[in-house]
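Q: Give me a 3D structure for the following:
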Amino acid sequence: MKRLLFVVLALVLIVKVGAEEHLVIKGVPINGTLKEFTEKLIAKGCEEHFVNDKDITVKGDFAGYKNCRIKACAPANSDMVNTVEVLFPRQNTWEELYKNYITIKDMLEDKYGAPSSMREKFELSYTPGNDAARLQAVLNHRCKYMTVFETKLGKIVVSIHPKSYVVLEYTDYTNHEESRAAAMDDL
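A: I've put the predicted structure just below:
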């Protein structure tokens, strides 16, 4: 009986330690093949949306937002997931877009602490004076809002995309370095 209890505890610790070596999104470690990773997201309530050679996109709720797209990506030399992008719903006003960005950024600060870098500005010769002008700057690629959080497990970036939605990108260092090492062997 003691031996069985010991084996069960050892297995639990192995699984727990393995999960702690990777960033986690929706309770799922960013690890495994694209298919394995997205199957776990589907088990959490997402629906498969789009499949490609190097990425799989699912749709679902994320951090209190409905109809988000979650895109799991693999490098060219592997099918191991190393980057996950969350694409929040497109917004029609600067006010709503900015609100989404600030809300996600604030939640990330609560979870990961102060950001390692941040850039929030419009690249214009003037300051846009109203909501419509700010949104037009976004659509014209003149809005540079991005906040980066570095952790020992990876990097998390929240930004405003030129197509008027917020993007949250997770890059898992363990899998990224493994795919990079495999590529370096070719050199």
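
Q: contacting residues around the closest residue to F62 other than its chain neighbours?
A: The shortest distance from F62 to any residue other than its chain neighbours is 4.1 Å, reached at C68 (Cβ to Cβ, 6 or more residues apart in numbering). Bear in mind the C-beta positions are built from the backbone N, C-alpha and C, glycine included. With contact set as Cβ atoms under 8 Å, 6 or more residues apart in numbering, C68 has these partners: 59-62, 86-89.

Q: hmm, 7 Å instead?
A: Contact partners of C68, counting by Cβ atoms under 7 Å, 6 or more residues apart in numbering, are 60-62, 86-89.

Q: In the one helix or strand it maps to, which residues are buried?
A: C68 belongs to strand 65-73 when elements are defined using DSSP states H and E. For strand 65-73, burial by neighbour count (16 or more other Cβ atoms under 10 Å) applies to 68-73.

Q: Around T151, how many other residues sit close by?
A: 14 (other Cβ atoms under 10 Å).

Q: Q136 too?
A: Q136 - counted by other Cβ under 10 Å - has 15 other residues nearby.

Q: Tell me which residues touch T174, please.
A: Listed by Cβ under 7 Å, 6+ apart, the contact partners of T174 are 21-22.

Q: roughly how far apart are the residue nearest to F62 and Y101?
A: Going from C68 to Y101 by Cβ to Cβ, to the nearest Å gives 14 Å.

Q: Buried residues, stretch 172-187. List them.
A: 172-176, 179.

Q: Next: stretch 94-101.
A: 94, 97-98, 100-101.

Q: All the strands of the protein, residue numbers only.
A: Assigned by DSSP state E, the strands in the chain fall at 24-25, 28-29, 47-51, 55-62, 65-73, 83-87, 117-122, 143-150, 154-161, 165-172.

Q: Provide the strand pairings for the fifth one, with the direction of each partner.
A: Strands flanking strand 65-73 in the sheet, each with its direction: strand 55-62 (antiparallel), strand 83-87 (antiparallel) (DSSP bridges).

Q: Contacts for the first one next, please.
A: Meaning strand 55-62. Taking Cβ under 7 Å, 6+ apart as the rule, strand 55-62 contacts 26, 34, 38, 41-42, 45-50, 67-73, 86.

Q: do the last one as well
A: Under the criterion Cβ under 7 Å, 6+ apart, residues 25, 30, 62, 68-73, 165, 167-171 lie in contact with strand 83-87.

Q: in that strand, what's buried?
A: 83-87.
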